[in-house]
Every structure is written in C-alpha cells, then in structure tokens.
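K.L.:
Sequence first, then the predicted structure, then my questions.
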Amino acid sequence: MTREKYGIAGMNCANCAAKIEKKVSEAEGVDFAVVNFALEVLSVSYDQAKITRSDIIGMVRNLGFKLTPFRRDASQENIRQTARSFAVAAALTLPMLLSMIPMALNLHLPALDFLHSGMVQLVLTAPVQFVIGARFYRGAFYALRSRSADMNVLVASGTSAAFFYSLYHLFFHPAGETPHLYFESAATIITFVLLGKTLEAKAKGRTADAIGKLAKLRVRTARTLRNGQETEIPVEELRTGDSVVVRPGEKIPADGVILDGHTSVDESMLTGESVPVEKNAGDTVTGATVNQYGAIVFTATKVGRDTTLQQIIRMVEEAQTVKAPIQSIADRVAGVFVPAVAFISIVVFCVWWLAVGQLDKAIVSAVAVLVIACPCALGLATPTAIMTGTGKGAENGILFKGGDSLEELSRIHTVVLDKTGTLTEGKPVLTDFEPLTGNRLELLRMAAVAEKRSEHPFGKAICEGATDILKEAGCTELPAPEMFRAIPGKGVKAIVSGETVHIGTQRLFETPGNTLPEELQRRIAAYEQQGKTPMLMSISRQPVALLSVADRIKPEARAVVADLRRMHIETVMLTGDNPRVAAIAGERLKVDKTLAGVLPGEKAREIELLKKAGKKVAMVGDGINDAPALATADVGVAVGSGTDVAIETAGVILIRSNLNALVFAVRLSRKTIGKIRQNLFLSFIYNIACIPVAALGWLHPGIAGAAMALSSLSVVLNSLSLKRFKNI
C-alpha cells in the first residue's frame, strides 16, 4: 500500500471534508482516506495496482476541490490569500455599512446621501458578489453537481437571493416608491464569512504550531571527521557511520553513539525535562538536542528521515490526521445538516411570503437562516482540539499516535504496569552469590560466561556483577559460552567449559512431582522476604549456588500510582517474579492488584481477562515481551527508553522513562476530550438557538454572517486554551 498526504484547496466547511473523504474512501483500491478539515489535509492509503495518484486527484477535482503537494507551510499562503480577499471585500462593503449607521441613529448626513443610491450600492456590491464571492459559486456548483450540499450552497444561495431581489427592485420598483434594497446584506455576508475564514485560518495555524516548532529544531550543517580533518557539510549529506564533532553550545545534528568526550546534553526538546543529562563515551545522543559543556565525537547511527526528531514530527502529523471516535458524531450530523437547513430556509420563506404576505421579510429571514447555520464550527470542533492536545503532548515528551489513542486513554478504568523497566529502573544488580559447593570464584566465572549472551536485565546483572568481582580478583579472561539458550520467563541454559549450566528461577528447576529440597526452598524464601529475586545455579542439574538480584523501584513510581488512584483508575502490577517477591514490591508501591509469575506469553491473556471483566485497560511496558500485551490492551503505552517493537505496537509513547509523563498523558487526554465535548456543545447549541431567531425574522443577514464567523472562532479559541494546560 502507498500512503500519501495532500493539501486540499477550496474547502469551506465540514461537509466539504466529509464529501471528499467519502468519495475517495469508496474508490476501488483505496484502503483508507481521512480528511482533516482543520489542517486541510487528505491522508490516503491506496494500492497502486488498482488506482493511481492521478485518479485520486481527478476524483477530488470533479468534486470542485484541488489537491496540492503536502507542505507544512501551505496554511500561511491560504491565510494570505483569504486575508487579501477579505481586505478588498471590506473596502467595498464598509462605505455601505457606514451609511447605515446614521439611519439607525435617525440622523441625516448629506455627505453620505450618495451611498444610499441603488446604483452606487450595485457598483460596490457586484465585485464582492461575483468576483470575490466566485469561490462560493464554484463550490456550490460542484456540490450540487455531486448531489450534495455544503456551506458554499448556503452562502451562494443566500447572498444571491438578497442580491437579485435587490436588483429586481432597483430597476422594476413601482414609480414613486422607494426600492427595497439588500445589496449591503449580500456584501456584508460575504465579507464577514471571509473575516471568519481569515481569523479561523490564523487560529488553526496556532493549533498546529507544535510541528512548526519541532521542524525549526533541525540542524542545517554537521562537522564530520574525515582523514583526521574536520569538514563542515550540509546535514543532508551526513551518512550512517560518519564520525561527527560537536562543540559546546552546538546542536547535535543526528542520532548516534559517543566515541570520545564527556558532556551534558539539554534534551528538553525531546523529553520536556529541563535538567541536562550527563553523557560519556558509549552513551547515545539524539539529533537536535543541545550539547552544553564538553566537545564530543560521536558515530552517526540514524540520519535524515530516520532520526528521532523526524520520527516524532511524522508521528505528530499522523496523530493530527487520525480521527478520534468522538468525531463520528460531528461527521454524522454534518452529513444531513446542510440539506436540513436548506429545507428549513425554504419553509421559512414560504411561511413569511405565502402565510404572512411579506416577501421582504421572507427573503431576509430565509437568507439569515441559510447563513447562520453554516456548519463550520461543527467541522472544527474535534480536529482543532486533537491538534492542540497532541501538540501539547509532543512538547512534553508524550506522543499520541492518533486521536483514537488519545480518546481511548481518556476512558481507561485500569492501568496495568509492567514491573521491570517500567515501575523499576530496569537495571537490577547482583546482590548475593552464595556457593552451595565448590570454589566461589570458579562458580562466579561460569555464571558470568553463561549469562554473557543474555539480553534479560537479570542475566546482564549477574554477568556484570560476577565480572566486577572477578576483575578485583585478577580474572579478566571471560570467553563466550559454547552454547547459549534463553528459556523465556525461567532462565538460561549454557555450556561452559564443556559443562551444562542452568541459571534461573525456582520454576526452571521444578517439574510436576519434582520439587527442590526444603532447605533450599527455605533459603530462597529468605531472599524473597527481603524483596530480592532469588535464582539457582546448577551444573549438570546439580545445584551449586544461590544468587539474588534486586531492581530498584523508580523514585516517582509510588507517587504515580497514588495519582492514578486519585483519578479513580485501578492500578495493576504485572510481573514474572514469584508471588512473594511481587507481593513485597506491590505493597511498597501501594498498587491495587498484583499479577505475579506471569510468563511473557501470558501477559496478553491477563489483559484479555481484565477486558472481559468489563474494564477499559491501558498497558504500560517497555520490552519486546510486552508487545503482545500492548497490542491487546485498549491502549498501549510504551516507555520511550524501551524497545522499538514495544514503541511500534503502542498507541501512546512516553519519550522519557519518567512515569510522571503517564499521569500527564492521562490528564491531557481527559482535558482534550473535554474540550471536544465543549466544542460540540457550543456548535450544536449555537445552531439550535440561532436558527429559530433567524426564522422569526429577528436576525439581520449581515449580523448572521458575523455570528457565524464568531462561532467558528470561539471553537478554535476554546481548543487553543489547551496550550495553557499544565500537570499538577
């Protein structure tokens, strides 16, 4: 499948977006198509063997819209064009409005008498109606041709009714009577609609400025080290494997691993954390972060589109185009709203003209109904809030992969937290090594070699701890094992110096009907009571040593659990530890429930059981073995320091490993969905309240145009208030 984005020119309301989305989605070969009305972007995935890019462009063109290459700054050109149109319209409309003020105040200003002339008003209005307003006629033509209706139809029909009725009266009014002219109403409606569009476009630009801020962080040049010489090159020419020099105060141009040097790096753009991070040889650095103190040389591992910054930008863009389920409410309403309003307008016209006998009132009221009901605010209600919320998250090191993930997180009842690496530091240390028989140093050597290839945190802790002890004793040669196999959730098996070595938990050594001696079980239990994870080492299946490792609980973990409970969210700790060790950790953390002894393959099953119990579940994890559970949960939350597999599977990513970001993410998601509900309420109540007022003839069409513009602006500004959201 090919996935592409396009800018869309010519959209005016939610119906325009819905029409494009429906047409493209129904085409053969299209996997999905999503239109973001606020961003004016079409995201489409299609099979090139069944449909081409030209087919999609032509399909949208037939609807009256134009697809353009996707550009992040395209909205700025749209703002400028709309602002120019508004300025011209305002210059032509303002004289007519000024002439109305003395009349409203019952004053006579002879200098303005010429503005009351029908011919003068016609000359001023015609360019606004047919030149500046041509966009509405074009949109209405294509909408009607495709047997649909949108804002263009409402504006074009409303202003045309006012203009041509005035034109008829200007030339065919009975002699001696003052003609009934509404030229200023037609011009005012178009002018206020354009004013609303200009203000709306500027405000929408602010909702998406998180991406702009991220894009500005990109580094333009890099200083590479080639043949011992420093050479400055454009960052686009940087290649994986290049050695890059970064001096104090400079931005790091790509992701990589430090070869030489010591420094502190400001990673606030990435994590939201203001405290600089110490970096030494072997540590990773991220592009666009700021090298503060020392000069460093690093090897570039990710460049161009593969850097963390570019991945974040792409992810935020995707999040702003994927709809939240709550938007389906607005989509369904928008699909029937315009036709319903057109019908109401016709009924209002007929009642005032045929039943009451007032043609002037019939036209004014019908036009006011058409204008006041334009569903722009409805189309902006969801995407502007999603854009602002996801942008705010990105600024604080939280990435939502889409509006759906954001909404799901706001609705969770239960958070399942993986213990190792999520609630704990993920860097356990060897705390005890107790020989049962044989030479202690020789057993330590065999343990270190056996675990040398292990990727599990406990295995690494044993290898590193044993190696440190051996180095102190002068033993530095540690060959690789002749054979190594990890046994998921239990331990490892290795061949060291021709001997078969097993290291693992009690579960590795016990089978049905075959348990460990009581003395060993008692000593294992003693370690468990201390909150440590005990393990046994055997050679040729004969126990030779007891070991234990411990993983420190993250400093913020207990406060995070308390915060979640105050938010009425149940907390569950999931771990492969045996029940006694897990119970001690759970008691320290004050979690509501502990699920212990869960093998990696069983984590997803535990999530399924919680969901079957009627709970909305979020799973928080960081490892490869967490990926199935992250995918099974209603929403998966990956800690950014975790593996690529976990990050790819999750719907929400915490770039920094500090769990406080989880609480912020939940609160932000709830606040954003709350804003969407407020926006939908404002949109609905506005139309419900204003349509009857317009139908009763109490609303001038010009005022209706202004009110319609302000309704859209109020929704956008309400969404923008999310920018002030702070964690507490």
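P.N.:
All right, it came through fine.
K.L.:
Residue 574: neighbour count?
P.N.:
27 (other C-beta atoms under 10 Å). Where C-beta positions appear, they are placed from N, C-alpha and C, glycine not excepted.
K.L.:
ditto for the one 5 residues further on
P.N.:
Neighbours of residue 579 under the rule other C-beta under 10 Å: 14.
K.L.:
Who are the contact partners of it?
P.N.:
594, 596, 597 (C-beta atoms under 8 Å, 6 or more residues apart in numbering).
K.L.:
so of those, which ones are in strands?
P.N.:
The strands, defined by DSSP state E, take in residue 594 from the contacts of residue 579.
K.L.:
which of the residues in stretch 444-456 are buried?
P.N.:
Residues 444, 445, 446, 447, 448, 449, 450, 451, 452, 453, 454, 456 are the ones in stretch 444-456 that count as buried (16 or more other C-beta atoms under 10 Å).
K.L.:
returning to what we had before: from the contacts of residue 579, which single one is nearest residue 695?
P.N.:
residue 594 (62.2 Å; C-beta to C-beta).
K.L.:
Assign the nearest residue to that closest one once chain neighbours are set aside to one of the three secondary structure states.
P.N.:
Leaving aside its chain neighbours, residue 594 sits nearest to residue 586 (3.7 Å; criterion: C-beta to C-beta, 6 or more residues apart in numbering). Following DSSP: H, G, I helix; E, B strand; the rest coil, the label given to residue 586 is helix.
K.L.:
Which pLDDT value belongs to residue 586?
P.N.:
Reading off the confidence values, residue 586 has pLDDT 87.
K.L.:
shouldn't it be in contact with residue 571?
P.N.:
No. Taking contacts as C-beta atoms under 8 Å, residue 586 lies outside contact range of residue 571: 9.4 Å.
K.L.:
Touching both of these two, which residues are there?
P.N.:
With C-beta under 8 Å, 6+ apart as the test, residue 586 and residue 571 both reach residue 593.
K.L.:
Other residues contacting the one helix or strand residue 571 maps to?
P.N.:
Element membership of residue 571 [criterion: DSSP states H and E] is strand 570-574. For strand 570-574, contacts defined as C-beta under 8 Å, 6+ apart pick out 413-419, 423, 561, 564-565, 582, 585-586, 589, 591-595, 598, 603, 606, 610, 615, 629.
K.L.:
Return the members of those classed as buried.
P.N.:
The buried subset of the contacts of strand 570-574 - by 16+ other C-beta under 10 Å - is 414-419, 423, 561, 564, 582, 585-586, 589, 591, 594-595, 598, 603, 606, 610, 615, 629.
K.L.:
Which of those residues fall within strands?
P.N.:
Using DSSP E, those in strands are 414, 415, 416, 417, 418, 594, 595.
K.L.:
Show me which of the residues you listed is closest to residue 432.
P.N.:
For those, the nearest to residue 432 is residue 594 (23.5 Å; C-beta to C-beta).
K.L.:
which residues does that closest one contact?
P.N.:
So, once contact is read as C-beta under 8 Å, 6+ apart, residue 594 ends up touching 572, 573, 575, 579, 582, 583, 585, 586.
K.L.:
related to what we said a few turns ago, quick one: the contacts of residue 579 as CSV, columns for pLDDT too.
P.N.:
What follows is the contacts of residue 579, written out as CSV (pLDDT from 0 to 100):
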residue, pLDDT
594, 91
596, 87
597, 82
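K.L.:
which of the contacts of residue 579 lies closest to residue 640?
P.N.:
residue 594 (25.2 Å).
K.L.:
mind checking how far the closest one is from residue 667?
P.N.:
Separation of residue 594 from residue 667 (C-beta to C-beta, to the nearest Å): 25 Å.
K.L.:
now do residue 258
P.N.:
Between residue 258 and residue 667 the distance is 36 Å, computed by C-beta to C-beta.
K.L.:
Same question for residue 328.
P.N.:
Where residue 667 is concerned, residue 328 sits at a distance of 24 Å (C-beta to C-beta).
K.L.:
Tell me which of these two has more neighbours.
P.N.:
Taking neighbours as other C-beta under 10 Å, residue 328 and residue 667 compare with residue 667 leading, 18 against 11.
K.L.:
For residue 719, give its distance to residue 674.
P.N.:
Counting by C-beta to C-beta - residue 719 and residue 674 are separated by 11 Å.
K.L.:
Compare the two (neighbour count), which wins?
P.N.:
Between residue 719 and residue 674, residue 719 has the larger neighbour count (other C-beta under 10 Å), namely 29 against 13.
K.L.:
Next up, the contacts around the more buried one.
P.N.:
Per C-beta under 8 Å, 6+ apart, neighbours of residue 719: 207, 380, 384, 385, 387, 388, 675, 679.
K.L.:
I would like a PyMOL command selecting only the buried ones among the residues you listed, please.
P.N.:
Entered in PyMOL, the line below selects the buried ones among these, by 16+ other C-beta under 10 Å:
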select buried, resi 207+380+384+385+387+388+675+679
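K.L.:
Reformat the contacts of residue 719 as JSON lines; add pLDDT, secondary structure and distance to residue 171.
P.N.:
JSON lines is the format used below for the contacts of residue 719 (pLDDT from 0 to 100; DSSP: H, G, I helix; E, B strand; the rest coil; distance: C-beta to C-beta, whole Å):
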{"residue": "207", "pLDDT": "58", "secondary structure": "helix", "distance to residue 171": "48"}
{"residue": "380", "pLDDT": "75", "secondary structure": "helix", "distance to residue 171": "41"}
{"residue": "384", "pLDDT": "82", "secondary structure": "helix", "distance to residue 171": "46"}
{"residue": "385", "pLDDT": "86", "secondary structure": "helix", "distance to residue 171": "50"}
{"residue": "387", "pLDDT": "81", "secondary structure": "helix", "distance to residue 171": "50"}
{"residue": "388", "pLDDT": "86", "secondary structure": "helix", "distance to residue 171": "51"}
{"residue": "675", "pLDDT": "93", "secondary structure": "helix", "distance to residue 171": "52"}
{"residue": "679", "pLDDT": "88", "secondary structure": "helix", "distance to residue 171": "46"}
